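> Just the structure for this:
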Amino acid sequence: MLDAAQAGDHTLLVAATGAGKTLAGFLPTMVDLIERPRDGLHTLYVSPLKALAVDVQRNLMAPIEEMALPIRVETRSGDTPSDRKARQRIRPPQILLTTPESLSLLLSYPDSGLLFEHLQTVVVDEIHAFAKEKRGDLLSLALARLQHLAPNVRRVGLTATIADPDAYRSWLAPDADIDAVRLVAGDPGAEPDLSILVPDGRVPWSGHSGRYAAQQVMELIEAHKTTLVFCNTRSLAELIFQDLWKANDQALPIGIHHGSLSLEARRKVEAAMGDGRLRALVATASLDLGIDWGNVDLVIQMGAPKGSSRLLQRIGRANHRLDEPSQGVVVPGNRFEYLEARAALDAIDDRELDPDIFRPGALDVLAQHILGIACAGPFDEAELLAEVHSAAPYAGLTEAVWRQVLEFISTGGYSLRAYDKFKRLVEESPGRWRITRPQVAAQHRLNAGVIVDQPMMEIRFGNGRMLGRVEEGFASTLVIGDHIFFAGLSLEVMRFKDDEVTVRASHENARLVTYGGQRMSMSTHLAERVRGYLASDRDWHRFPDDVREWLEVQQRRSILPQPGELLVETFPHDKRHFMCVYSFEGWNAHQSLGMLLTKRMETAGFKPLGFVANDYALAVYSLEPVTDPKPLFSPDILEQEFVEWVEQSHLLKRAFREVAVIGGLVERHHPGKRKSGKQVTFSTDLIYDVLRKYEPEHLLLTAAWSDARARMTELGRLARLVDRAAATMVHVEASRVTPLAVPLMVVIGRESLPPGTADEALLIEAEALAEEAMRID
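Below is the predicted model of the structure:
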């Protein structure tokens, strides 16, 4: 890293967790400041997490204080007091640690040119965590602006082990010039010590959390100094924490950490971990990234890992040292998850990591950035376009789309041009733009950022009585007339208004409010490995007896699909007819397909009652049997029907709400007050309806569609599934439930059970179903 700095090269450092990336990233800065001491901002460090900046400051201050160096290191994020923020702009430290959002805000001030003109280095930490997302787009544009303000600034990226370093070199480089970025690869270090926990040699039929193993997990905690217990969702973290607490006979100190907790609570837990006062910490993705606690000696992953890179990064938290193996344990939630966990461990053994998929930069983020630059002072259109083109995600931006973005910021678009509030930019002379009034800058700084909090939606009866709340992410998949199980009742959706869903009691079978919001889907290459295990029995000797028996009976009673095949099973059960589709394309794609299939089946007269999905398969149940599933999967389902469903559901409105907030069309904050989620949703819904009617090609509707396709429905995986369905489908008509179908069948209707009895009833139901499925006539 010192060699690269002395040569003036941009650099990407790829090294295993615990290899000393952060100090290697800062070492050239410290050397330069020792040899040529000076005031003013020398190095900017950008991290995806506020907590990471605080942690780095703590670790960086130790060598600086030990060497008694006159170097000031400060953090700046949304949590920094306003007086310190003001002082940092006038008298900046030599090293400033910040987040992409705070950097963008700094660039929106008229004095940003003075602040950054002598900047030497920008260090982007954990680059793999956000380069491919909207925060990465925002940072890429900010790097382009910094290069304009300080032409000699050197870019340094730090990342854990990744599959495609060249893609990240290109992302980091000015003008996406891959050869401008030197690659420095760290020693891979000791091989991790990974295992799968299977209590009593049994893996349950259903569930997705590993809760059944709480007692064994607690025993592992008791046998280690400090354990990190990772969960895939916040609600699961809360659940696992409660389970562990009940099993904690020795009353060991254990804590919980996730993004929804208050700042004070998170800081308290981080400090307790840093001081070695906790024996275990239950956490979510908020701790995926480089927080360095050297005393952690075990990492446990509850439920499926979803990807080999993610698992490797999480396991790397154990020992956080290069010369000792990290110890990690995966607790699968069910039999499919056992196969996924095995796939992840095998992938890590083969050094196969999750592929990195980069996409073009988002237009709502570009609109926010352009306005931020205008807040700092008037800009020349051609110069700014050239600067934007130098950011890799926007290298392919066309002149026509650029003009459309400028038009949107200056008028709000054709349909909204009559309203002054949407006029934020004005062309003061040909090709030269400025903000229309000073308040635009104040509003921009209050509302900038690309993380849009998910609002909740209330479930109410017509008389106003509230039953509870579901995430808007779940509500966005509902349409009027749908039935849901909630609060122990079957409910019919009557209408949507602001942030409320009005329902009435029903006796119909219903969908589950099981998963809200976006879920991580199993990566495509883990899915390929799981398909491989099903297709060949050469690895089965490594599986627990009950998993092996499950696959053997499936093979005798039905078939196990070959890697290229799509298995569809149909069978009667409990006076209903079931169609199970084993496509392994992930939960989001299966949810979307479930919606589309039930609509098609309704039109075809099959009288569908509902569906359930997981990462591996989808089960649709109906009153009439499906004898030939092929026509239901014809590729035209992704044309008219997909578009109609997305437009009718809450899905597109939700995507539009996000892009309208990021693009600055709708403001969350006003001086001294904040709009409620309800007010923001009301504002965006109103504008959405106007644009749908009068300007369907509006920039933000295009951006919303792009988001809905990529993130919310995983259209790419869905399209792959539908495209190959006709050619590769193998239809098996079974006389009763099959072994492969049991994990799906068990979850049908579970929300209708009263709280507390669900787990016990699930076990009883799973055993009865399994007995029927595993019987060989």
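
> what residues are up against Arg335?
Val203, Pro204, Trp205, Asp546, Val547, Trp550, Pro743 (C-beta atoms under 8 Å, 6 or more residues apart in numbering). The C-beta positions use only the backbone N, C-alpha and C, and glycine is treated the same way.

> By neighbour count, which of those wins?
Val203 (29 neighbours; other C-beta atoms under 10 Å).

> can you pull out the strands in the stretch 151-300 of the chain?
154-159, 181-185, 193-196, 227-230, 254-257, 280-283, 298-302 (DSSP state E, counting those that start in this stretch).

> Sheet partners, orientation included, of the last one?
Right, strand 298-302. strand 227-230 (parallel), strand 327-331 (parallel) (DSSP bridges).

> In CSV: these, plus distance to Leu406, mean neighbour count and mean pLDDT.
Converted to CSV, these look like this (distance: least, C-beta to C-beta, whole Å; neighbours: other C-beta atoms under 10 Å; pLDDT from 0 to 100):
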stretch, distance to Leu406, mean neighbour count, mean pLDDT
strand 227-230, 44, 26, 91
strand 327-331, 50, 25, 92
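
> Turn these into CSV, columns for distance to Val401.
Converted to CSV, these look like this (distance: least, C-beta to C-beta, whole Å):
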stretch, distance to Val401
strand 227-230, 40
strand 327-331, 44
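
> Quick one, which of those gets closest to Glu337.
Nearest to Glu337, of all the strands paired with strand 298-302, is strand 327-331, at 8.7 Å by C-beta to C-beta.

> Run the chain-centre distance for the very next helix or strand once past the closest one.
Once strand 327-331 ends, the next helix or strand along the chain (criterion: DSSP states H and E) is helix 335-349. Relative to the centre of its chain, helix 335-349 is centred 21 Å away, using C-alpha atoms, centre = their mean, to the nearest Å.

> what's downstream of helix 335-349, the next helix or strand?
helix 363-376.

> which other residues reach whichever helix or strand comes after that following helix?
Using DSSP H and E, the helix or strand that follows helix 363-376 in sequence is strand 379-380. If you take C-beta under 8 Å, 6+ apart as the criterion, strand 379-380 is touched by Ile373, Gly431, Arg432, Trp433, Arg434.

> Which residues are in contact with the first one?
Neighbouring residues of Ile373 by C-beta under 8 Å, 6+ apart: Leu107, Ser108, Arg145, Phe379, Leu384.

> tell me the mean pLDDT for the helix or strand hosting Thr684?
Thr684 belongs to helix 677-694 when assigned by DSSP H and E. Taken as a whole, helix 677-694 has an average pLDDT of 77.

> How about stretch 461-472?
Stretch 461-472 carries an average pLDDT of 75.

> Check stretch 570-577 too.
Computed over stretch 570-577, the average pLDDT equals 93.

> secondary structure class for Phe496?
strand (DSSP: H, G, I helix; E, B strand; the rest coil).

> All the helices of the stretch 101-250 of the chain, residue numbers only.
Residue ranges of the helices in the stretch 101-250 of the chain, as given by DSSP state H, counting those that start in this stretch, are 112-116, 134-149, 165-172, 214-223, 234-247.

> from the chain's centre, how far out does the longest one sit?
I take that to be helix 134-149. Worked out by C-alpha atoms, centre = their mean, helix 134-149 lies 21 Å from the chain centre.

> What lies in contact with it?
44, 46, 48, 100-101, 103-104, 107, 112-113, 116-117, 119, 122, 124, 130-131, 153, 155, 171-172, 174, 361-362, 364-366, 368-369, 373, 387-388, 390-394, 450-451, 662.

> how does it look with 6 Å?
The contact list for helix 134-149 (C-beta atoms under 6 Å, 6 or more residues apart in numbering) reads 100, 103-104, 107, 113, 116, 130, 153, 174, 361-362, 365, 369, 387, 390-391, 393, 450.

> now the angle from it to helix 165-172?
50 degrees (axes from the mean of the first three to the mean of the last three C-alpha atoms, to 10 degrees).

> Separate out the buried members of the contacts of helix 134-149.
When the contacts of helix 134-149 are checked for burial by 16 or more other C-beta atoms under 10 Å, the buried set is 100, 103-104, 107, 116, 130, 153, 174, 361-362, 365, 369, 387, 390-391, 393, 450.

> With respect to Arg657, which of the strands paired with strand 298-302 lies nearest?
Among the strands paired with strand 298-302, the nearest to Arg657 by C-beta to C-beta is strand 227-230 (30.0 Å).

> got a list of what the nearest residue to Leu740 once chain neighbours are set aside touches?
Once flanking residues are discounted, Leu740 sits nearest to Gln554: 4.9 Å by C-beta to C-beta, 6 or more residues apart in numbering. Taking C-beta under 6 Å, 6+ apart, we find Gln554 in contact with Leu560, Pro739, Leu740.

> how about JSON lines for the contacts of Ile373, with pLDDT added?
Formatted as JSON lines, the contacts of Ile373 follow (pLDDT from 0 to 100):
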{"residue": "Leu107", "pLDDT": "95"}
{"residue": "Ser108", "pLDDT": "95"}
{"residue": "Arg145", "pLDDT": "97"}
{"residue": "Phe379", "pLDDT": "96"}
{"residue": "Leu384", "pLDDT": "97"}
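
> and these, which two are the farthest apart?
The widest separation within these (C-beta to C-beta) is 13.9 Å, between Ser108 and Leu384.

> quick one: least confident helix or strand in this protein?
strand 673-674 (a mean of 56; mean pLDDT, DSSP states H and E).

> Helix, strand, or coil at Leu665?
Strictly by three-state DSSP, Leu665 counts as coil.

> Based on its surroundings, how many neighbours for it?
So Leu665, with other C-beta under 10 Å, has 26 neighbours.

> That one and Lys421, how far apart?
9 Å (C-beta to C-beta, to the nearest Å).

> what residues are shared contacts of these two?
Residues touching both Leu665 and Lys421 by C-beta under 6 Å, 6+ apart: none at all.

> which of the contacts of Gln554 count as buried?
Listed as buried from the contacts of Gln554 are Leu560, Pro739, Leu740; burial here means 16+ other C-beta under 10 Å.

> Backbone dihedrals for the closest residue to the first one other than its chain neighbours, please?
Setting aside the residues directly before and after it, Leu560 is nearest to Leu534 in space (C-beta to C-beta, 6+ apart), at 4.5 Å. Listed backbone geometry of Leu534 is phi -70, psi -40, with angles given as degrees, to the nearest 10.

> surely Leu534 meets Ile559?
No. Using C-beta atoms under 6 Å, Leu534 makes no contact with Ile559, being 9.5 Å away.

> and those two? which has more neighbours close in?
Leu534 (23 against 16).

> how far away is that one from Pro563?
Distance from Leu534 to Pro563, by C-beta to C-beta: 8 Å.

> same deal with Val405?
As for Val405, its distance to Pro563 is 43 Å (criterion: C-beta to C-beta).

> Over to Leu691?
44 Å.

> Isn't Ala392 up against Trp171?
Yes. If you go by C-beta under 6 Å, Ala392 and Trp171 touch, sitting 4.8 Å apart.

> Please name the nearest non-neighbouring residue to Pro253.
Pro253 sits nearest to Leu278 (C-beta to C-beta, 6+ apart), 5.2 Å away.

> Per-residue pLDDT of the one you found, please?
91.

> So what's the residue count around it?
22.

> Next up, phi/psi of it, please.
phi -110, psi 140.

> Identify the residues contacting it.
Leu278 is in contact with Pro253, Gly255, Ala272, counting by C-beta under 6 Å, 6+ apart.

> Test my guess that the second one contacts Val269.
Yes. Applying C-beta under 6 Å, one finds Gly255 in contact with Val269, separated by 4.5 Å.
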